[in-house]
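Engineer: Sharing a sequence plus its predicted fold:
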Amino acid sequence: MHDTVSPLQGASLSIAAFLQQPAHWKSSVLGALCFSADVVEREMQVDVAVPCLRVPMQRLDAGDSICEVWHGSGQLTQGRYGAIHYRHDDDVLFGVMVLPETILEAVAGKTPLQQATESAYHQVFSLLDTLRYPYLFRVWNYIADINAHSFELERYHQFNLGRQDAFLAHGREVVGNVPAACALGFGQKGSAQGPLTIAFLAGRVAPLNIENPRQISAYQYPQQYGPRSPTFSRASLVRLGKDEVLFISGTASIVGHATLHATDVVAQTRETMANIEAVLAEANCLSSQPSFDLASLHYKVYVRHPADMAPIRAELAHIVGTSPNAIYLQADVCRQDLLLEIEATAGHPFVCIPGQQD
Ligand code: 3EB
């Protein structure tokens, strides 16, 4: 077995453990996503130089918090651009941003969340153009009260409007070459206070975008899922120096465009993993070596009802066959009938095929 952890991604650790890391370790960190329901822990500053996205979600499997850490290589540079806090090496840029919705009013037919989303992506694309990391690889979108309705539109659909408008305004494709992503909800029902909470990875080499033959591409979902389709691909495969990294988007129990097994969490887990396997098969066709498999993935499992964690975990272990590398978080999924969403990442060395150009 090859080493399944790309240098880009270090081990996940608690916020407390992050705080105790030596300065030389932190100096190699591009950034982190820190999940904790504890306000105090969430607000602890891990390091002023390290962009750290604080996501108000309860960790369900163990401990109180978990940080997913992305490592860079060589000299890192950090800065701020609008609401974005970023850090980059020569190849990759990691950024985080938190945008309040409450300061916005509905204007020109646009809801506050729609405006915040449009503004967030506008800032991302402006930064990427300015610093010349044109390719958006992966975006994590966290939205307060994602399933609530306001202004006669579900909030996830307001988000989709703002996101697609920003892509279009920047001349970006909204079909085909779009980033891998996830979109999850947090917070008390009915609060809808925001803030819109986003992290992203971008770079200088075009990723390969991957779709799932079992599913209609999300950017081609029919109108019943909102006036504007979501702008994401099922996965992106990125070459980074000596490595190849696979980002599998948030994946759920959807076949074609329909949710399956609306009330059966174990069946949803099985269907979700069948989707991930289908994406892995596509990735292995495009990869320099066909060695991505279920056991080599790092999973993040978003669970709507905390009590469902145990059956999901048992099913995942059954399917993967070993003890999967997975963390579990309580989150709302973007369709009411989805009980879980699973995202995953893997990396392996890039293999140069003799006779082919790299
Ligand atoms: C789905 O397949 C489930 O809007 O960025 C998964 C990944 C989902 C990303 C997004 C939404 C998004 O449609 C939901």
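Structural biologist: Yep, that arrived. Residues are numbered from 1 along each chain as shown.

Engineer: The stretch 151-300 of the chain against the ligand: which residues are in contact?
Structural biologist: Contact residues (C-beta under 6 Å from any ligand atom) of the stretch 151-300 of the chain with the ligand: 181-183, 218, 230, 232, 249-250, 252, 254. Using the backbone N, CA and C atoms, a C-beta is placed for each residue, glycine as well.

Engineer: Out of the helices and strands in this structure, which is least certain?
Structural biologist: Ranking every helix and strand in the chain by mean pLDDT, DSSP states H and E puts helix 39-43 at the bottom, with a mean of 80.

Engineer: who does the helix or strand that it is followed by touch, helix- and strand-wise?
Structural biologist: Sequence-wise, the next helix or strand downstream of helix 39-43 (DSSP states H and E) is strand 52-55. Applying 3 or more C-beta pairs under 8 Å, 6 or more residues apart in numbering; DSSP states H and E, one finds that strand 52-55 makes contact with strand 29-36, strand 92-99, strand 135-144, strand 196-203.

Engineer: at 7 Å what do you get?
Structural biologist: strand 29-36, strand 196-203 (3 or more C-beta pairs under 7 Å, 6 or more residues apart in numbering; DSSP states H and E).

Engineer: Return the member of the residues of the stretch 151-300 of the chain next to the ligand nearest to Leu168.
Structural biologist: Pro230 (14.0 Å; C-beta to C-beta).

Engineer: could you check the angle strand 92-99 makes with the helix or strand that contains Ser126?
Structural biologist: Assessed by DSSP H and E, Ser126 sits inside helix 112-131. Per axes from the mean of the first three to the mean of the last three C-alpha atoms, to 10 degrees, the angle that helix 112-131 makes with strand 92-99 is 150 degrees.

Engineer: Quick one: mean pLDDT over helix 112-131.
Structural biologist: Averaging pLDDT along helix 112-131 yields 97.

Engineer: how far out from the middle of the chain is that helix?
Structural biologist: 17 Å (C-alpha atoms, centre = their mean, to the nearest Å).

Engineer: Skipping adjacent residues, who's closest to the residue most central in space within the chain in space?
Structural biologist: In the chain, the centroid-proximal residue (C-alpha atoms, centre = their mean) is Trp140; its distance is 3.3 Å. Excluding the flanking residues, the one nearest Trp140 by C-beta to C-beta, 6 or more residues apart in numbering is Ala199, at 4.5 Å.

Engineer: Can you get me a residue count around the one you found?
Structural biologist: If you count neighbours by other C-beta atoms under 10 Å, Ala199 ends up with 23.

Engineer: looking at the sheet around it, what are its partners?
Structural biologist: Using DSSP bridges, the bridge partners assigned to Ala199 are Val96, Trp140.

Engineer: Identify the residues contacting it.
Structural biologist: By C-beta atoms under 7 Å, 6 or more residues apart in numbering, the contact list for Ala199 reads 33, 53, 95-96, 140.

Engineer: Within reach of the ligand, which of the residues you listed are there?
Structural biologist: Here nothing survives when those are matched to the ligand using C-beta under 6 Å from any ligand atom.

Engineer: Before I go, just wanted to say thanks for your time.
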